[in-house]
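Engineer: Please work out how this folds:
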Amino acid sequence: MSVIYPGVAVKPSVRFGRPCLAGTRISVHLVSDRWIAGQTFRELADDLGKSAGDIESAVRFVMLLSGRNRRGRELREAVVAAGGRL
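Structural biologist: Below is the predicted model:
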């Protein structure tokens, strides 16, 4: 398992290498989709058994990942270098 962002990890054998909350099989994209749909960090944390900080970190990661800037490119390269997929 490679931690590629605080609270976010990639492991090729878990969810086909898609970025997940560290130590879980919970996709960061699932977390961000639920946040966009209106759930709060606290609600998501309670539902998923993680801290609100972990949830916020996952949402920040997805927002950075989707950016068309240098940081987004670096994060996408880190996912691939860790054997993951986007």
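Engineer: Going by C-alpha atoms from here, please, whenever you check contacts or count neighbours.
Structural biologist: Noted.
Engineer: Against residue 13, how distant is residue 63?
Structural biologist: 24 Å (CA to CA, to the nearest Å).
Engineer: do the same with residue 84
Structural biologist: Distance from residue 84 to residue 13, by CA to CA: 9 Å.
Engineer: Same check on residue 74?
Structural biologist: Residue 74 is 22 Å from residue 13, by CA to CA.
Engineer: can you check residue 64 too?
Structural biologist: 24 Å.
Engineer: okay, these two: which has more neighbours?
Structural biologist: Neighbours per residue (other CA atoms under 10 Å) separate residue 64 from residue 13, with residue 64 holding more: 18 against 11.
Engineer: what about the closest residue to that one other than its chain neighbours, which helix or strand?
Structural biologist: Excluding the flanking residues, the one nearest residue 64 by CA to CA, 6 or more residues apart in numbering is residue 72, at 5.2 Å. Secondary-structure element containing residue 72, defined by DSSP states H and E: helix 70-81.
Engineer: Show me what that helix is in contact with.
Structural biologist: Outside of helix 70-81, the residues within contact range by CA atoms under 8 Å, 6 or more residues apart in numbering are 4, 10, 19, 64, 65, 66, 67, 85, 86.
Engineer: got it, and stretch 14-24?
Structural biologist: 3, 7-12, 25-28, 54, 58, 79, 83-86.
Engineer: At which residues are the helices of this protein located?
Structural biologist: Listed in chain order, the helices of the chain (DSSP state H) span 28-36, 41-48, 52-65, 70-81.
Engineer: a markdown table please, covering those and showing mean pLDDT.
Structural biologist: A markdown table is the format used below for the helices of the chain (pLDDT from 0 to 100):
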| stretch | mean pLDDT |
| --- | --- |
| helix 28-36 | 94 |
| helix 41-48 | 96 |
| helix 52-65 | 93 |
| helix 70-81 | 85 |
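Engineer: Out of these, which one sits most buried?
Structural biologist: helix 52-65 (a mean of 19; mean count of other CA atoms under 10 Å).
Engineer: and for it, what are the contacting residues?
Structural biologist: Contacts for helix 52-65 (CA under 8 Å, 6+ apart): 5-8, 21, 28-29, 31-32, 35, 41-42, 44-45, 71-73, 75-76.
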